[in-house]
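Asks: Okay, predicted coordinates and the sequence, questions at the end:
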Amino acid sequence: MALFSSAVAEERDLDAGGRSAGHAESGLSDRRHGGLRTIAGTSLVRADEYGEIFLQNVEQTGVGLAVMDPRMRIKETNSAFKDHSGCHARELRERAVSELLHPAVRQHVLRQFERLQQRRCNHFMERLPVLWSTQTEFAWDLTGMVVIGEVGDVKTFVLLVTPDRLDDEARVLISPKKLLKPIDARILEGVATGVTTVQLAANLYLSRQGIEYHVSNMLRKFKVSNRAALVSKAYSMGLFGVGSWPPRISPEYIKG
């Protein structure tokens with residue numbers, strides 16, 4: 001992970017350079033970004049050591065790490081990231097990260113990185129019910145960061161991912177198998193939007209009893225007792241695309 005190590009060291013050097021004059025007078029300990037200085041101002045940790053220290057901590061905790069270029073193409077990964085994404089190293093290098101993301105969260109995650117690209121923030125943190133298209137038995141904690149170069153341009157993006165295994169019931173529902181008939185998907189979208197039974201019946205050319213029949217079937221399928229719980233569980237399973245309104249069921253969950 002030489003690319004990431006050098007980027008971290010560069011960020012630390014740039015930051016330290018901008019603050020050296022003020023801190024030379026104060027002689028106080030400097031703990032920003034983990035940096036420690038003695039009373040004399042001598043750094044306890046060399047700049048080129050920061051990246052390696054960070055990577056060692058990441059490896060020990062099992063967090064997946066990927067370094068991407070400004071085009072969001074993967075340049076380097078650690079072993080945990082390869083395991084999490086279900087891909088071999090040769091399949092990951094130079095691959096656009098968008099190709100790996102689950103359709104339910106793809107646009108949402110890309111929008112977050114777009115905010116980093118535009119310098120509207122320097123990091124983001126998310127918890128998502130699903131992340132990778134090939135790994136659906138986990139929920140994920142996701143952190144994205146941007147590393148800025150000397151001239152203020154985006155040098156690299158850093159992606160950190162941590163899995164959280166779902167319970168057996170959730171794992172069944174979030175499987176990549178197509179779960180819903182097209183009519184059920186449209187009804188579930190309407191329920192999530194707050195459309196009444198009468199309105200749904202008119203929009204879908206069904207009777208009120210027909211709408212209630214389909215809703216009842218979905219309540220049994222998802223093992224919930226009411227419409228609010230049905231919508232909540234559908235969101236938690238990743239059936240709805242994250243960050244979109246009105247809510248839409250991802251095509252991967254709709255039977256042809």
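Replies: Right, received. Where do you want to start?

Asks: so where is the stretch 51-200 of the chain shaky, pLDDT-wise?
Replies: 51-56, 59, 136-137, 165-178 (pLDDT under 70).

Asks: Run through the strands of it in chain order.
Replies: 64-68, 74-77, 123-128, 138-148, 154-165 (DSSP state E, counting those that start in this stretch).

Asks: Could you say which of these is packed most deeply?
Replies: Across those, averaging neighbours per residue (mean count of other C-beta atoms under 10 Å) puts strand 64-68 on top, at a mean of 22. Where C-beta positions appear, they are placed from N, C-alpha and C, glycine not excepted.

Asks: Sheet partners, orientation included, of that one?
Replies: With DSSP bridges as the test, strand 64-68 is paired with strand 74-77 (antiparallel), strand 154-165 (antiparallel).

Asks: now it against strand 138-148, angle please.
Replies: 40 degrees (axes from the mean of the first three to the mean of the last three C-alpha atoms, to 10 degrees).

Asks: picking up where we left off before, will you turn the strands of the stretch 51-200 of the chain into a markdown table that also has distance to residue 180?
Replies: Listed next are these as a markdown table, based on distance: least, C-beta to C-beta, whole Å:
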| stretch | distance to residue 180 |
| --- | --- |
| strand 64-68 | 31 |
| strand 74-77 | 33 |
| strand 123-128 | 20 |
| strand 138-148 | 21 |
| strand 154-165 | 24 |
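
Asks: which stretch among those comes nearest residue 107?
Replies: strand 123-128 (12.4 Å; C-beta to C-beta).

Asks: how far is that closest one from where the chain is centred?
Replies: 6 Å (C-alpha atoms, centre = their mean, to the nearest Å).

Asks: And stretch 86-100, by the same measure?
Replies: Worked out by C-alpha atoms, centre = their mean, stretch 86-100 lies 15 Å from the chain centre.

Asks: buried set for that stretch?
Replies: By neighbour count on 16 or more other C-beta atoms under 10 Å, the buried set for stretch 86-100 is 87, 92, 95, 97, 100.

Asks: which one of those is nearest residue 156?
Replies: Out of those, the member with the shortest distance to residue 156 (by C-beta to C-beta) is residue 97, at 12.4 Å.

Asks: Quick check: closest non-adjacent residue to that closest one.
Replies: Closest residue in space to residue 97, ignoring its immediate chain neighbours: residue 72 at 5.3 Å, by C-beta to C-beta, 6 or more residues apart in numbering.

Asks: Who are the contact partners of the one you found?
Replies: 96-98, 110, 113, 157 (C-beta atoms under 8 Å, 6 or more residues apart in numbering).

Asks: Please determine how far it is located from residue 126.
Replies: Residue 72 sits 16 Å away from residue 126 when distances are taken as C-beta to C-beta, to the nearest Å.

Asks: circling back to that earlier point, now flag whichever of the contacts of residue 72 is closest to residue 80.
Replies: residue 97 (15.6 Å).
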